[in-house]
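Peer 1: Take a look and give me a structure for this.
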Amino acid sequence: MRRLKAPLVRCALVLALLLAPVACGEPLKDKVTIMVPWSGTEFQAFYAVVKAFEKDHDIDVEPQVTRALTQQLDAAVAADAEPDLAVLPSVGAIAKYREEGALRRLGIDTQAYVQPFRGLGMHGGEVYAVPVKADVKSLVWYDARVTPRPPDSWTALRSRSDDWCLGLESGPTSGWPGADWIADILLADGGVDPYTDWASGEVQWDGKPVRDAWSTWGDLVNGARTGAAAFDFRAAAKRMTEGKCSLSHGALSAMAFDPAQVKDDGYTYVPSSREALEVSADFVGKFTGNRSADEFIAYLAGARAQQAWVDEPGFALSADSRVTRYADTTQGRIAQMLRSPRYTLCFSAADAMDPDVSAAFYRAVLDYANGKAAGPLLEALDDVQEELGYANPKSPPPPAPLCHTP
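Peer 2: Got it, this is the predicted structure:
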């Protein structure tokens, strides 16, 4: 008995030490993981919303930041190691993960969100993803102090000899700035029906409307194509401050302008169309049964978090119709377009495509910028589309109309 007493005492002490933090310390908080692609001011704005949530909830949010979000999320889903939440940068990704059974339904009311954003996160009347951050892409930017106001038509812009700021490098998704630009031209010049037919895989890439859009883009940026495939898209807009280019295309959040230059209307924009605008959004979806993740995603979808997000640096926009206050007047004017009956809003074509098709689209843009002819590239994209079944009339229709008037 004496021989056993000392080991038993030591075991009791070890167990007491192991249990002490649980018994005497702070209770462990619930944890929510979320995979995001943001960096710089975009991530800072999101993280400010995270900290505000943590202040009022007994939950820790752990962002997992990656530039290769689609690839990393695919690997996590395949390994049954999904994050609780993830940013889904495309409607195609939402459909893909939902059809695989990886994406879970959300008990969230998104009726306050304007169309087409609300419908694209739904299927069969159920919400599967929430658009937490929106953008308007159909904008042509210029320095009003040195550059005359550009016309709001691609035909008129094509006849001018402007120096465009062009950068296509963006890590694993390099090429997307050119893809957005081509889609914007097709939407403005071809109209809503050809745009949606193309984005939905119902027409060929080598058909006239798409081919004409590639040709127009090539003519516009011809002098800027050299080196653009390897030049960072954010750095491209900064060249405007150095007087090396005069016009830039895309969303305000992608311009990397100094806030002061935008605030005083020094750097301003014209819409590239008088009728239809290309828009996009970052959606958040849920991949696990973590109930704390439900609390966080509901918070992100609420007007309070949406207002806080747009108040932060980074020029975020909200598709929530309840968010109408923007401290920056330029940012506020762009946000008004999301609620204006003047424009038809059409979701980004590349974001509406199957992720494999959009990836091939981006690669073709890079090849085109590097000097390859458009014809063979468009024929190759038709082959990719056909292999994935998008040329088959029995293919499933888009989850919701890609274009909608608020």
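
Peer 1: quick one, helices of the stretch 301-406 of the chain?
Peer 2: Secondary structure of the stretch 301-406 of the chain (DSSP state H, counting those that start in this stretch): helices at 303-311, 329-337, 349-352, 355-369, 374-387.

Peer 1: possible to save the ones you listed as a markdown table with mean neighbour count and mean pLDDT?
Peer 2: Every residue, glycine included, has its C-beta placed from N, CA and C. Below are these laid out as a markdown table (neighbours: other C-beta atoms under 10 Å; pLDDT from 0 to 100):
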| stretch | mean neighbour count | mean pLDDT |
| --- | --- | --- |
| helix 303-311 | 19 | 97 |
| helix 329-337 | 18 | 95 |
| helix 349-352 | 28 | 94 |
| helix 355-369 | 21 | 96 |
| helix 374-387 | 16 | 95 |
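
Peer 1: Could you save the ones you listed as JSON lines and add columns showing distance to Phe46?
Peer 2: Output for those, formatted as JSON lines (distance: least, C-beta to C-beta, whole Å):
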{"stretch": "helix 303-311", "distance to Phe46": "7"}
{"stretch": "helix 329-337", "distance to Phe46": "16"}
{"stretch": "helix 349-352", "distance to Phe46": "19"}
{"stretch": "helix 355-369", "distance to Phe46": "22"}
{"stretch": "helix 374-387", "distance to Phe46": "33"}
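
Peer 1: Residue ranges in this protein under the pLDDT threshold?
Peer 2: Low-confidence segments of the chain, defined by pLDDT under 70, span residues 1-27, 390-400.

Peer 1: mind running it again at 50?
Peer 2: Residue ranges of the chain with pLDDT under 50: 1-24, 393-397.

Peer 1: And it, what are its domain boundaries?
Peer 2: 30-135+279-347, 137-277+351-401 (automatic domain parsing).

Peer 1: Residues in contact with the host helix or strand of Met35: which ones?
Peer 2: Using DSSP states H and E, Met35 maps to strand 30-36. The contact list for strand 30-36, computed with C-beta atoms under 8 Å, 6 or more residues apart in numbering, reads 43, 46, 58-66, 69, 72-73, 76, 83-87, 284, 290, 292-293, 296.

Peer 1: let's see it at 6 Å
Peer 2: Here strand 30-36 makes contact (C-beta atoms under 6 Å, 6 or more residues apart in numbering) with 59-65, 73, 83-87, 292-293, 296.

Peer 1: Show me which of those are buried.
Peer 2: Taking 16 or more other C-beta atoms under 10 Å as the criterion, what is buried in the contacts of strand 30-36 is Ile59, Val61, Pro63, Leu73, Pro83, Asp84, Leu85, Ala86, Val87, Ser292, Ala293, Phe296.

Peer 1: can you tell me which two in the residues you listed are farthest apart?
Peer 2: Largest separation among the buried ones among the contacts of strand 30-36 by C-beta to C-beta: Ile59 and Leu73, giving 21.8 Å.

Peer 1: Go through the strand holding Met35 and flag the buried ones.
Peer 2: For strand 30-36, the neighbour count (16+ other C-beta under 10 Å) marks Asp30, Val32, Thr33, Ile34, Met35, Val36 as buried.

Peer 1: Now the fourth one: closest residue in space that isn't a chain neighbour?
Peer 2: Right, the one you point to is Ile34. Leu85 (4.1 Å; C-beta to C-beta, 6 or more residues apart in numbering).

Peer 1: Please name the residues that touch the one you found.
Peer 2: For Leu85, the contacting residues are Ile34, Val284, Lys286, Ala293, Ile297, by C-beta under 6 Å, 6+ apart.

Peer 1: Export the helix or strand harbouring Arg98 to PDB, keeping only CA atoms.
Peer 2: If you go by DSSP H and E, Arg98 is part of helix 91-99. The C-alpha trace of helix 91-99 is given here as PDB (Å, rounded to 0.1, in the frame of the first residue of the first chain):
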ATOM      1  CA  VAL A  91     -22.100  32.000 -58.900                       C
ATOM      2  CA  GLY A  92     -20.500  29.000 -60.600                       C
ATOM      3  CA  ALA A  93     -18.700  28.100 -57.400                       C
ATOM      4  CA  ILE A  94     -22.000  28.400 -55.400                       C
ATOM      5  CA  ALA A  95     -23.700  26.000 -57.900                       C
ATOM      6  CA  LYS A  96     -20.800  23.600 -57.900                       C
ATOM      7  CA  TYR A  97     -20.500  23.200 -54.100                       C
ATOM      8  CA  ARG A  98     -24.300  23.100 -53.700                       C
ATOM      9  CA  GLU A  99     -24.600  20.300 -56.300                       C
END
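
Peer 1: Which elements pack onto the helix or strand just after that helix?
Peer 2: Using DSSP H and E, the helix or strand that follows helix 91-99 in sequence is helix 117-120. Contact partners of helix 117-120 among helices and strands, from 3 or more C-beta pairs under 6 Å, 6 or more residues apart in numbering; DSSP states H and E: none.

Peer 1: Please enumerate residues in contact with helix 117-120?
Peer 2: Contacts of helix 117-120 (C-beta under 6 Å, 6+ apart): Val91, Thr110, Pro131, Ala281, Ala319, Ala400.

Peer 1: Any buried residues in it, and which?
Peer 2: Buried residues in helix 117-120, defined by neighbour count with 16+ other C-beta under 10 Å: Phe117, Arg118, Gly119, Leu120.

Peer 1: before we move on, the earlier item: show me which pair in the contacts of helix 117-120 is furthest apart.
Peer 2: Every pair of those checked by C-beta to C-beta; the farthest is Val91 and Thr110, at 14.5 Å.
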